[in-house]
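In: sequence and predicted structure below; questions after.
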Amino acid sequence: CLGFWRTGYAVSYGYGGAMLASGLLQLSLLRNTVVSSNTAVAHAALYIFYGLRLCLFLLNRELSSPVSVHQMKRRDASLKTRLKRFPVVIGSSVLFFF
């Protein structure tokens with residue numbers, strides 16, 4: 001959803017969010033199985049940790065660095081312009097999830 005605000009967010013925060021969501025999905029599926037190995041749980045936990053760490057790093061960089069460093073320049077956009085980003089947001093989401 002952040003990709004509608006700024007296009008670059010669809011890729012950067014989208015990837016971190018996809019990793020986080022993938023780890024959470026793996027953990028929820030492992031909870032419903034009779035036998036879950038420690039390796040599978042550790043793998044899911046690493047996905048969660050990596051996705052969370054990436055999103056927090058990007059947020060910290062966004063808030064503490066000048067615009068010239070993180071290159072997410074502000075642009076005014078109308079609702080119509082933002083809705084044109086829909087294919088990028090959906091495409092990135094599907095690509096990162098699978």
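Out: Received the coordinates, thanks.
In: so where is this structure shaky, pLDDT-wise?
Out: Confidence mapping of the chain against pLDDT under 70 gives the ranges 1-10, 34, 67, 69-77, 82, 85, 89, 97.
In: that one: strands as residue ranges?
Out: Using DSSP state E, no strands are found in the chain.
In: which ones are touching the residue sitting nearest the centre point of it?
Out: Nearest to the mean C-alpha position of the chain, by C-alpha atoms, centre = their mean, lies G17 at 2.4 Å. Contact partners of G17, counting by C-beta atoms under 8 Å, 6 or more residues apart in numbering, are 51, 55. In this view, the C-beta of every residue, glycine as well, is placed from N, C-alpha and C.
In: so what secondary structure elements neighbour the longest helix along the chain?
Out: Within the chain, and with DSSP state H defining each element, the longest helix by residue count is helix 38-64. Here helix 38-64 touches helix 7-31, helix 67-70, going by 3 or more C-beta pairs under 8 Å, 6 or more residues apart in numbering; DSSP states H and E.
In: and it, how far from the chain's centre?
Out: Relative to the mean C-alpha coordinate of its chain, helix 38-64 is positioned 10 Å out (C-alpha atoms, centre = their mean, to the nearest Å).
In: buried sites along that helix?
Out: By 16 or more other C-beta atoms under 10 Å, the buried positions in helix 38-64 come out as 44, 47-48, 50-51, 54-55, 58, 62.
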